[in-house]
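K.L.:
Got a predicted model here, sequence first, then my questions.
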Amino acid sequence: MSEQRASFPKSSELKEYVLLLDRDGVINEPKPDDYVKSPEEFLFCKGAIKAIETFQHYFDKIVIVTNQQGIGRELMTEKDLQNVHLKMYDGLRASNLPYFDLTCYAPYLRSENHAWRKPQTGMVDYVQSILSFGRTKYLVCGDSPGDMQLGRNVGAFCVNIANPQFEVSDFDLRFDSLSDFAHFITQN
């Protein structure tokens, strides 16, 4: 399934963009009403590694931006999250792919309304400062309304990956999977 509401940049223009990727439900299988708290629970979505490889050919930079409220709820530790991310990186390395340019996470509770927690822009502000580039173009790819609102807040093109857990109505382009989005890019 693909649904488009705004004009997607030409593939040749994507090197001007930083791809901001959500993790749960986009790169890895979601755990409905729960959190991926250990490496054993982290499972790549079908076709996600191949999709990431495709993105590395098209985008200037690829950054993970993920809310991780499970830390704030004390259901997991930051060390647990690091171990989950190590498994993700090991999966990329096993496919001879470089790691993401940066991985950012917000361990804060939704009720805190912290500047780093999506849809707030703190993680993107940090990305811009740490990667030392000026004003840039962003493309946000995620499965939740918060991901799409983050995109709107930073003036990004918003790609929604359909997830039955969320009702998302504000997006520019929608796909069933990250793999479908990557295929679209190669055909664009």
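P.N.:
Here it is on my side, so go on.
K.L.:
how about the helices in this structure?
P.N.:
Applying DSSP state H to the chain gives helices spanning 48-58, 69-72, 78-94, 122-130, 145-153, 178-187.
K.L.:
by contact count, what packs against the shortest one?
P.N.:
Contacts of helix 69-72 with other secondary structure elements, assessed using 3 or more Cβ pairs under 8 Å, 6 or more residues apart in numbering; DSSP states H and E, are made with helix 78-94. For every residue, glycine as well, the C-beta is placed using N, CA and C.
K.L.:
in this structure, what residue sits furthest out from the centroid?
P.N.:
Centroid-distance maximum for the chain: Glu74 at 22.9 Å, with Cα atoms, centre = their mean.
K.L.:
quick one: average pLDDT of stretch 13-22?
P.N.:
The average pLDDT for stretch 13-22 rounds to 94.
K.L.:
Would you mind measuring the gap between the ends of it?
P.N.:
Its first and final residues considered, stretch 13-22 spans 22 Å by Cα to Cα, to the nearest Å.
K.L.:
What residues of that stretch count as buried?
P.N.:
Neighbour-count burial for stretch 13-22 flags 14, 17-22 (criterion: 16 or more other Cβ atoms under 10 Å).
K.L.:
before we move on, what about stretch 164-172?
P.N.:
Quick answer for stretch 164-172 (16+ other Cβ under 10 Å): 166, 168, 171-172.
K.L.:
now, among these, which is nearest to Pro145?
P.N.:
Nearest to Pro145 among the buried residues of stretch 164-172 is Val168, at 5.3 Å by Cβ to Cβ.
K.L.:
Contact partners for that closest one?
P.N.:
Contact partners of Val168, counting by Cβ atoms under 8 Å, 6 or more residues apart in numbering, are 143-145, 148, 160, 162, 174.
K.L.:
buried subset of these?
P.N.:
143-145, 148, 160, 162, 174.
K.L.:
got CSV for the residues you listed, with pLDDT and distance to Ala115 too?
P.N.:
Below are the buried ones among the contacts of Val168 laid out as CSV (pLDDT from 0 to 100; distance: Cβ to Cβ, whole Å):
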residue, pLDDT, distance to Ala115
Asp143, 97, 22
Ser144, 97, 18
Pro145, 97, 18
Met148, 98, 18
Asn160, 97, 24
Ala162, 96, 29
Arg174, 96, 28
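K.L.:
Switch the residues you listed over to CSV; also include distance to Gln187.
P.N.:
Conversion of the buried ones among the contacts of Val168 to CSV gives the following (distance: Cβ to Cβ, whole Å):
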residue, distance to Gln187
Asp143, 22
Ser144, 26
Pro145, 28
Met148, 23
Asn160, 19
Ala162, 19
Arg174, 16
